[in-house]
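*Asks:* predicted model, plus sequence, below.
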Amino acid sequence: MVRKGLLSEIFSKALHQDNPSSYTVGYLDYDIIKEITLEDFMKISDNFETIPANRIQYVKKGNRVLFSKSKRKVR
């Protein structure tokens, strides 16, 4: 599925314990960030075959940002 870490935990919880349509995924499509629900992202990414996890820029639930590439920077 997704590489280990925070992103993996978020996806696992959303898909198995919560409503995946309440999560929003922002991913890079060429040089544009597209935003769709997690449920739709899983369908179009074909389990990360057509859209790899490294193109995910952020994951939100409502207005709360759960994952962001900018937050992952090394100290």
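*Replies:* Done, it's in.
*Asks:* doesn't E49 belong to a helix?
*Replies:* No - applying DSSP: H, G, I helix; E, B strand; the rest coil, one finds E49 to be coil, outside a helix.
*Asks:* quick one: contacts for it?
*Replies:* For E49, no residue meets the contact criterion (Cβ atoms under 8 Å, 6 or more residues apart in numbering). Any C-beta I mention is one placed from the backbone N, CA and C, and that applies to glycine too.
*Asks:* my read is that S22 contacts K61, right?
*Replies:* Yes - shown here, S22 and K61 form a contact pair, counting by Cβ atoms under 8 Å, at 6.0 Å.
*Asks:* for these two, indicate the residue with more neighbours.
*Replies:* K61 (16 against 13; other Cβ atoms under 10 Å).
*Asks:* could you give the number of residues near the nearest residue to that one once chain neighbours are set aside?
*Replies:* Computed as Cβ to Cβ, 6 or more residues apart in numbering, the closest residue to K61 that is not its neighbour in sequence is Y23, at 5.2 Å. When counting by other Cβ under 10 Å, one arrives at 23 neighbours for Y23.
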